[in-house]
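**Student:** here is a sequence with its predicted model. Questions after.
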Amino acid sequence: MNPESGNASFPQTRWSVVLRATPDNRAGLDALGELCGRYWYPLYAFARRSGNSAADAEDLVQGFLSKSANDGLFSRARAEKGKLRTFLLTAFRRYARDEYEKSVAEKRGGGKVISFDAAEAESWYHAEARDEASPEAVYDREWAVTVLQNAMRRLEAVWEEKGKLEQFLALRPHLTAGASADDFQRIGTASNLKPDTVKVALHRLRAKFGAALREEIRDTEDEGADIEGELAYLYRLI
């Protein structure tokens, strides 16, 4: 989080920085690139569920992100600016409707602001359970999953820095699910820890995971947003 802000009540978030970005604003463009690097997949899933081929979905996402950076799209956001999730989808749908034909001709293979593996994205898309959900519902669900994954990566990086990556990997499956006495015993045996120590470590890790989730959400919301409300909504989606 960026601590500097003209508002004493709420620190700046990456999304707040993006909203003030212009094409020649380095900080804003860096923040945009970071957020898009985290959240491109929900857009890809939306494009695929909307009936686009894998190649066309890739073109749409790359073209949209390139235009967003080059045209300062985010600096013009007003009424839709409260959530990155809402603004991205609204802007992406408008882009897909108004500029799809031109973007396919002009942007295939160029103008990329992030790098992503289209083949990997397609494998993710096919690996997930397919249902009759609308493109918008798929987008929100993938957004929720992405938030959880990003928070998990934040936490993993911290534990790795502490030299406790092995312990983190052992506890990770139980962050969002229950753990039995047998689980504590098994993890303790593998980690040379007492089961009660494992139980306490998991409790602490869950608390830190909740904090990482809130931090991830805060980065995609405007200042003063209802973080708890967004967290509850994402939990319902998953």
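**Tutor:** The structure has been received and is ready for your questions.
**Student:** quick one: Leu202 and Thr176 touch, right?
**Tutor:** No: using CB atoms under 8 Å, Leu202 is not in contact with Thr176, being 11.5 Å away. Any C-beta I mention is one placed from the backbone N, CA and C, and that applies to glycine too.
**Student:** who's more crowded, those two?
**Tutor:** Leu202 (20 against 12; other CB atoms under 10 Å).
**Student:** quick one: least confident helix or strand in this protein?
**Tutor:** The weakest-scoring helix or strand in the chain, judged by mean pLDDT, DSSP states H and E, is helix 118-127 (a mean of 57).
**Student:** downstream of that helix, the next helix or strand is which one?
**Tutor:** Per DSSP states H and E, the first helix or strand lying C-terminal to helix 118-127 is helix 135-161.
**Student:** who are the packing partners of that next one?
**Tutor:** Secondary-structure packing of helix 135-161 (3 or more CB pairs under 8 Å, 6 or more residues apart in numbering; DSSP states H and E): helix 26-49, helix 84-107, helix 165-171, helix 195-218, helix 227-237.
**Student:** which stretch in those helices has the least confidence?
**Tutor:** Of all the helices and strands packed on helix 135-161, the minimum mean pLDDT falls on helix 84-107 (a mean of 75).
**Student:** farthest residue from the center of the chain?
**Tutor:** Distance from the centre of the chain peaks at Lys194, with 35.6 Å (CA atoms, centre = their mean).
**Student:** what's the distance between it and Gly188?
**Tutor:** Note on Lys194: its distance to Gly188, by CB to CB, to the nearest Å, is 6 Å.
**Student:** and for Trp15?
**Tutor:** Taking CB to CB as the measure, Trp15 falls 41 Å from Gly188.
**Student:** tell me which of these two has more neighbours.
**Tutor:** Trp15 (25 against 18).
**Student:** against Lys83, how distant is the more buried one?
**Tutor:** Going from Trp15 to Lys83 by CB to CB gives 8 Å.
**Student:** cool, Ala69 as well?
**Tutor:** From Ala69 to Lys83 the distance is 20 Å (CB to CB).
**Student:** what does Asp24 give?
**Tutor:** Per CB to CB, Asp24 is found 26 Å from Lys83.
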